[in-house]
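**Student:** I would like the atomic coordinates for the input below:
(one chain, ligands or ions: 1)
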Amino acid sequence: MKYNHVYYFLLLFVFANSFGLSHPQVSFYDGGVVTKKNEQEVRKILRKLNYQHSETIIVRKLNEQVKTCYACVLEVPFSQKHMFIWEEWFEGAPEDQKIFLIGHECMHLRMNHLSKRILFVFMTLCGFKGLAMKLSPSKLKQELISSFGILIVLPLFYLLSRFHEFQADYWSAKNLDCADGGIAWCKSMASTTHLGLAQSESWRDYLLKKVKSIFSTHPTIEKRIQALEALNLAK
Ligand SMILES: [Zn+2]
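**Tutor:** Predicted coordinates for the structure are as follows:
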């Protein structure tokens with residue numbers, strides 16, 4: 001694919017979303033209406049964060065097909081903000097874990113994490129395009145330099161995403177004073193999902209895990225627990 005196509009695609013993506021055409025993504029996560037009681041509980045936690053747009057967040061049930069998370073948010077530039085919760089978990093979960101998770105998701109919205117990542121990719125690709133045009137008049141060389149931009153923007157995108165996860169953990173735990181809830185939630189997630197905590201492994205598994213982690217949107221559970229424990233120690 002030509003470099004030009006990539007950034008026209010990204011441009012289209014941002015604009016399509018800005019006109020509220022994010023429906024396919026929303027319906028991918030959407031599992032239907034959430035009960036009144038659960039919605040009220042989510043809103044109660046959101047209010048504690050003093051986030052001015054919290055009342056406009058649409059709270060829905062997480063699609064059961066999406067088993068990789070307990071809750072997630074979809075924030076599309078200039079479009080409505082959605083929060084999806086895994087209702088069965090939410091109903092039986094301890095209070096402090098719920099507070100931490102809802103706080104974490106709200107922080108993603110409040111800090112515009114997804115928009116920042118989209119903007120970052122767009123700006124970097126445009127930057128490389130400009131650089132390519134400045135450095136060489138040859139079309140071939142321009143394509144090569146631009147392609148290099150795509151190569152480095154991907155791992156940086158994931159790195160930024162992992163940073164955003166730490167940020168959301170940190171501010172949720174700090175604002176709602178729920179680091180212990182966060183640690184407990186991390187441990188519970190490790191025991192019920194594919195993520196798991198590290199066990200003894202061969203060097204090959206270790207290497208594979210390291211390479212995979214470069215292209216991972218979330219930090220490992222161990223690292224998230226360490227960061228939350230550090231926050232507890234700093235109190
Ligand atoms: Zn997150």
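
**Student:** would you mind naming what in this structure lies close to the ion?
**Tutor:** Neighbours of the ion within the chain, by CB under 5 Å from the ion: 165, 168. Any C-beta I mention is one placed from the backbone N, CA and C, and that applies to glycine too.

**Student:** tell me where this protein has strands.
**Tutor:** 58-61, 71-75, 81-85 (DSSP state E).

**Student:** tell me the domain boundaries of the protein?
**Tutor:** By the assignment in automatic domain parsing, the chain contains the domains 3-112, 115-233.

**Student:** from one end of the last one to the other, what's the distance?
**Tutor:** For domain 115-233, the first-to-last residue distance is 32 Å (CA to CA, to the nearest Å).

**Student:** does anything pack onto the biggest helix by length in the chain? Which helices or strands?
**Tutor:** For the chain, the longest helix by residue count, based on DSSP state H, is helix 139-176. Of the remaining helices and strands, those touching helix 139-176 by 3 or more CB pairs under 8 Å, 6 or more residues apart in numbering; DSSP states H and E are helix 3-18, helix 36-48, helix 95-110, helix 113-135, helix 179-192, helix 221-233.

**Student:** got TSV for the ones you listed, with mean pLDDT too?
**Tutor:** Output for the helices and strands packed on helix 139-176, formatted as TSV (pLDDT from 0 to 100):
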stretch	mean pLDDT
helix 3-18	63
helix 36-48	94
helix 95-110	95
helix 113-135	84
helix 179-192	90
helix 221-233	92
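
**Student:** can you put the ones you listed in CSV and add mean neighbour count?
**Tutor:** Shown next, in CSV, are the helices and strands packed on helix 139-176 (neighbours: other CB atoms under 10 Å):
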stretch, mean neighbour count
helix 3-18, 14
helix 36-48, 15
helix 95-110, 24
helix 113-135, 16
helix 179-192, 19
helix 221-233, 16
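
**Student:** nearest to K209, out of those helices?
**Tutor:** Proximity to K209, assessed across those by CB to CB, is greatest for helix 221-233 (11.2 Å).

**Student:** name the helices or strands packed onto that closest one?
**Tutor:** On a contact count with 3+ CB pairs under 8 Å, 6+ apart, helix 221-233 meets helix 139-176, helix 179-192.

**Student:** returning to that earlier point: any idea which of the strands of the chain is most buried?
**Tutor:** Burial of the strands of the chain is given as mean neighbour count (mean count of other CB atoms under 10 Å); strand 81-85 ranks first at a mean of 23.

**Student:** just give me how far that strand sits from the chain centre.
**Tutor:** Offset of strand 81-85 from its chain centre (CA atoms, centre = their mean, to the nearest Å): 12 Å.

**Student:** weakest of the strands of the chain by average pLDDT?
**Tutor:** In terms of mean pLDDT, the lowest-scoring of the strands of the chain is strand 71-75 (a mean of 86).

**Student:** just checking: what are the partner strands of that one?
**Tutor:** Counting by DSSP bridges, the strands paired with strand 71-75 are strand 81-85 (antiparallel).

**Student:** tell me the angle the strand it pairs with makes with helix 36-48.
**Tutor:** Computed with axes from the mean of the first three to the mean of the last three CA atoms, to 10 degrees, the direction of strand 81-85 lies at 120 degrees from that of helix 36-48.

**Student:** export the strands of the chain to a markdown table and append columns for distance to Y206.
**Tutor:** Below are the strands of the chain laid out as a markdown table (distance: least, CB to CB, whole Å):
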| stretch | distance to Y206 |
| --- | --- |
| strand 58-61 | 38 |
| strand 71-75 | 29 |
| strand 81-85 | 34 |
